[in-house]
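Student: need a 3D model of the following:
(one chain, ligands or ions: 2)
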Amino acid sequence: METIVGTDCEQARLLLEKGEVVAIPTETVYGLAANGLNESAVLKIFEAKGRPLNNPLILHFISKEAIQPFIIDFPPVLDKLATHFWPGPLTLLLEKSNLVPELITSGLDRVGVRVPSQTLVQELLQSLSFPLAAPSANLYGMISPTQATHVNNQLKGKIPYILDGGPCEDGIESTIIGLENEQVIVYRLGGISLEQISIVIGYIPQLKNHIENQPLTSGMVKHHYAPNTPFAYLESDFVFEEDKKDGFILLKDNRPEIPITQKYILSKTGDFKEAAQKLYAAMHHMDQKCFTRLYIEKFEEIGLGISMNDRLNRATKKFEE
Ligand code: TXA
Ligand code: MG
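Tutor: Numbering: from 1, shown residues only. Ligands and ions are numbered 1, 2, ... in the order given. So this is what the prediction gives:
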């Protein structure tokens with residue numbers, strides 16, 4: 001199959017209406033989208049990604065109002081979060097109605113829903129009569145894409161169209177939230193931090209993304225988001241050795257001894273928002289440079305630093321055993 005990369009929403013709409021899979025830009029990461037109400041179209045997503053069927057998908061809507069027929073109830077505190085953060089990088093787990101296919105939720109009672117803010121995907125959703133089911137547009141277990149070329153590198157030949165909306169503005173997946181015993185629980189940290197949520201709800205929500213032996217979401221699987229090159233944290237006492245041909249991803253340029261060709265600086269000023277936006281792009285870029293090993297600095301555990309460390313813990317874990 002030929003894969004076309006373009007900016008034509010109309011072409012994307014026609015393919016989606018025919019039950020095809022199309023990669024879409026969002027403000028977080030690129031998604032691999034299909035008609036969320038058409039099971040055979042949704043199956044193509046799992047097939048293209050190589051994703052296990054027991055891993056549920058998020059439904060993307062044009063507005064909060066458009067979600068109503070697909071859920072039983074919108075608890076007030078989640079409604080408040082939605083009003084505050086949508087359109088944007090927040091996914092809510094809400095009790096599903098019968099209109100949501102079982103394949104979307106892998107048989108679970110709750111469906112993940114989100115209203116993205118990226119302008120091209122909003123234009124696309126506006127033109128469709130159904131929500132878009134979309135996981136991140138990477139092969140299962142690999143680094144998530146934040147540019148159309150990242151999608152093309154992994155899925156070329158497997159999907160007909162990639163809607164190119166330029167680099168993703170946030171660069172890290174949505175934060176996933178639900179309720180348990182009336183308490184807000186965060187199942188995956190992402191573009192919205194614990195601090196930001198606590199300002200809206202009045203307390204720091206519990207983070208439950210490390211439940212032992214119970215991967216409720218793929219972000220909970222221990223090995224994930226991983227490059228092919230062996231990947232490890234840069235210890236603070238690390239001494240650079242010229243002959244080793246290692247690559248380094250650094251928050252700021254605080255290692256003048258490392259040559260420019262061997263390092264990727266995420267933000268000259270050390271800004272976490274800029275770092276999150278570039279993190280996956282840095283990993284994709286450095287993974288293609290044939291380094292012996294890749295090293296990355298762990299972020300300070302505040303705000304988006306916690307979300308980024310979560311992804312890096314899983315990406316580095318793959319190479320620890
Ligand atoms: O930012 C994002 O959320 C991106 C963009 C494309 O929207 N999507 C994304 O999808 O990251 P995915 O499938 O790569 O990650 C979504 C996570 C998965 O780990 C999945 O298991 C979990 O959300 N999830 C989806 N629906 C769920 C549900 N009903 N209950 C529990 N977890 C769910
Ligand atoms: Mg993913």
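Student: stretch 4-21 close to ligand 1?
Tutor: No: if you take CB under 6 Å from any ligand atom as the test, stretch 4-21 misses ligand 1, and the best it gets is 12.9 Å. (C-beta placed from N, C-alpha, C; glycine too.)
Student: how about stretch 14-33 as PDB, C-alpha atoms only?
Tutor: Output of stretch 14-33 as PDB, limited to C-alpha atoms (Å, rounded to 0.1, in the frame of the first residue of the first chain):
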ATOM      1  CA  LEU A  14     -13.100  10.300   2.600                       C
ATOM      2  CA  LEU A  15     -10.700   7.500   3.700                       C
ATOM      3  CA  LEU A  16     -12.100   7.500   7.300                       C
ATOM      4  CA  GLU A  17     -15.600   7.300   6.000                       C
ATOM      5  CA  LYS A  18     -14.600   4.300   3.900                       C
ATOM      6  CA  GLY A  19     -13.400   2.500   7.000                       C
ATOM      7  CA  GLU A  20      -9.700   3.100   6.400                       C
ATOM      8  CA  VAL A  21      -7.000   4.100   9.000                       C
ATOM      9  CA  VAL A  22      -5.400   7.600   8.800                       C
ATOM     10  CA  ALA A  23      -2.700   9.000  11.000                       C
ATOM     11  CA  ILE A  24      -3.700  12.300  12.500                       C
ATOM     12  CA  PRO A  25      -1.900  15.100  14.300                       C
ATOM     13  CA  THR A  26      -2.900  16.100  17.800                       C
ATOM     14  CA  GLU A  27      -1.300  18.500  20.300                       C
ATOM     15  CA  THR A  28       0.100  15.600  22.200                       C
ATOM     16  CA  VAL A  29       1.400  12.900  19.800                       C
ATOM     17  CA  TYR A  30       0.200  11.700  16.300                       C
ATOM     18  CA  GLY A  31      -2.700   9.200  16.500                       C
ATOM     19  CA  LEU A  32      -3.600   6.300  14.300                       C
ATOM     20  CA  ALA A  33      -7.300   7.000  13.700                       C
END
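Student: so for that stretch, mean pLDDT?
Tutor: Regarding stretch 14-33, the rounded mean pLDDT is 98.
Student: list the buried residues in it.
Tutor: Using 16 or more other CB atoms under 10 Å as the test for burial, stretch 14-33 gives 15-16, 20-33.
Student: what residues does the stretch 51-200 of the chain put near ligand 1?
Tutor: Taking CB under 6 Å from any ligand atom as the contact definition, the stretch 51-200 of the chain meets ligand 1 at 55-58, 89, 91, 93, 105, 108, 110-112, 114, 134-136, 173-174, 176.
Student: any idea how far the nearest residue to T3 once chain neighbours are set aside lies from ligand 1?
Tutor: Nearest non-adjacent residue to T3, counting by CB to CB, 6 or more residues apart in numbering: K156, 4.8 Å away. To ligand 1, K156 is 19 Å away according to CB to the nearest ligand atom, to the nearest Å.
Student: tally of neighbours for K156?
Tutor: Neighbourhood size, K156 [other CB atoms under 10 Å]: 14.
Student: surely it touches I4?
Tutor: No: with contact defined as CB atoms under 8 Å, K156 and I4 do not form a contacting pair (10.4 Å).
Student: may I see the buried residues of the single longest helix found in the chain?
Tutor: Secondary structure of the chain read by DSSP state H shows that its longest helix is helix 272-287. Buried residues in helix 272-287, counting neighbours by 16+ other CB under 10 Å, are found at 272, 274-284, 286-287.
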